[in-house]
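*Asks:* I would like the atomic coordinates for the input below:
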Amino acid sequence: MTLTLPGTPWRKEQTEDLQRVLRTVDGEIPLVLVSGNHDVGNVPTPETIAEFQRTWGDDYFSFWAGGVLFLVLNSQFFYDASMCPALKQAQDQWLDQQLSIAGQQKCQHAVVFQHIPLFLQSIDEDDDYFNLTRLVRKEMADKFSQAGRPGAPGVWVEG
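*Replies:* Modelled structure (predicted):
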């Protein structure tokens, strides 16, 4: 289900409908909610991030399952954090810390969930609305690649 963008008509009703449906999911099934543009806006603000957190929980977080580190990122910060640079910086520092911990723990794999994929077909593809810019793509790919050096986790990105 796709919600309308923050601040638009029917947002509250759609959110309540989705929460009602999610309550019917078996409690034994873990749900991982990944924020995206329909949750925090194309250009997130401190207010839209706070609304997401009040409604759904953290907009970025990690968890371990079966010896694998899972990282859930707010990729809207990578798209345009001009209205909330301090929030993006906090996530960046947290991510660096998580990748460092993964290396210290010698985890075999790390999986990244984010709404906007690094790329659609090829890391060298043109910038598009549906992927991250080449500059950001290279920065993130380098960060994940560094984390995947010997003794550190391999990283797989799920967009």
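*Asks:* quickly note the distance from Pro9 to Gln76.
*Replies:* 21 Å (Cβ to Cβ, to the nearest Å). From N, CA and C alone the C-beta is placed, and that goes for glycine too.
*Asks:* who's more crowded, these two?
*Replies:* More crowded of Pro9 and Gln76, by other Cβ atoms under 10 Å: Gln76, with 27 against 8.
*Asks:* measure that one to Val40 for me?
*Replies:* Taking Cβ to Cβ, one finds Gln76 at 5 Å from Val40.
*Asks:* kindly report the same for Ser100.
*Replies:* Ser100 is 26 Å from Val40, by Cβ to Cβ.
*Asks:* phi, psi of Phe113?
*Replies:* Phi and psi for Phe113, reported as degrees, to the nearest 10, are phi -110, psi 130.
*Asks:* show me what it is bridged to.
*Replies:* Val72, Glu158 (DSSP bridges).
*Asks:* let's have the chain start at 853 instead
*Replies:* Sure thing, new numbering starts at 853, so read that last one as Phe965.
*Asks:* would you check that it makes contact with Val884?
*Replies:* Yes - if you go by Cβ atoms under 8 Å, Phe965 and Val884 touch, sitting 6.5 Å apart.
*Asks:* which one's more surrounded, the two?
*Replies:* Phe965 (18 against 9).
*Asks:* quick one: contacts for the more buried one?
*Replies:* Val884, Val886, Phe922, Leu923, Val924, Leu925, Glu1010 (Cβ atoms under 8 Å, 6 or more residues apart in numbering).
*Asks:* and which of the residues you listed is nearest Arg989?
*Replies:* Ranked by distance to Arg989 (Cβ to Cβ), the contacts of Phe965 are led by Leu925 at 13.6 Å.
*Asks:* appreciated, that's everything.
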